[in-house]
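Peer 1: Just need the structure, nothing else, for what follows:
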Amino acid sequence: MSLPIEAGGPRLPHLLCAFELIAPGAHSDGPTEGKIRMDNVSDLFRELLKGAIGYDQAIRVTIRFYRVLPGRLDEVTSPDDSFTGLDMTAVEISADSAEGTIAWPDESAAERAERPRRLL
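Peer 2: Model prediction:
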C-alpha cells in the first residue's frame with residue numbers, strides 16, 4: 001500500500017504489519033523509554049540493520065499514525081499524528097519479530113520546551 005508521509009507529499013510504499021507500541025513519556029523522575037515491536041518483518045530489518053553494525057549513534061525514528069476507513073485508502077492525504085525525532089537505542093530481532101527501545105534524545109530543557117507536544 002502507498003501512503004503520504006507528509007501533507008501533500010507523494011504516496012510512498014508502506015508495509016502492513018502487526019505492531020505494539022509503548023510510547024516514550026515522562027514522570028517525576030524524568031523521561032521514560034518506550035518500545036516498539038513489529039511482527040513478520042525480521043528478514044527485512046535484519047538486512048537494513050547490517051549497515052548499522054559498528055555505528056555508535058542511536059538510529060533516528062519517526063512513527064506516523066494513520067486512520068484509514070475500510071475502502072477509503074485513496075482519501076488519506078497525510079498522517080493523522082506522529083512522533084518525530086525519537087532515538088532507537090537498542091534493537092532485538094528474533095525469527096518472528098523485531099523490537100526496539102525508543103526514547104526522546106538527550107536534550108537541554110530549552111530544546112525540550114521548543115519541541116511540539118502531541119497528545120493521542
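
Peer 1: got the CA coordinates for the longest helix belonging to the chain in PDB?
Peer 2: Counting by DSSP state H, the longest helix found in the chain is helix 42-49. The C-alpha coordinates for helix 42-49 follow below in PDB (Å, rounded to 0.1, in the frame of the first residue of the first chain):
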ATOM      1  CA  SER A  42      12.600  -9.700  10.900                       C
ATOM      2  CA  ASP A  43      14.100 -10.600   7.500                       C
ATOM      3  CA  LEU A  44      13.600  -7.000   6.200                       C
ATOM      4  CA  PHE A  45      15.100  -5.400   9.400                       C
ATOM      5  CA  ARG A  46      18.000  -7.800   9.600                       C
ATOM      6  CA  GLU A  47      19.100  -6.600   6.100                       C
ATOM      7  CA  LEU A  48      18.600  -2.900   6.900                       C
ATOM      8  CA  LEU A  49      20.400  -3.200  10.300                       C
END
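
Peer 1: and after it, which helix or strand comes next?
Peer 2: Where DSSP states H and E defines the elements, the next helix or strand beyond helix 42-49 is strand 59-65.

Peer 1: For that following strand, name the packing helices and strands.
Peer 2: If contacts are counted by 3 or more Cβ pairs under 8 Å, 6 or more residues apart in numbering; DSSP states H and E, strand 59-65 sits against strand 81-93, strand 97-103. No exception for glycine: its C-beta is placed from N, CA and C like everyone else's.

Peer 1: Apply 6 Å and report the result again.
Peer 2: The helices and strands touching strand 59-65, judged by 3 or more Cβ pairs under 6 Å, 6 or more residues apart in numbering; DSSP states H and E, are strand 81-93.
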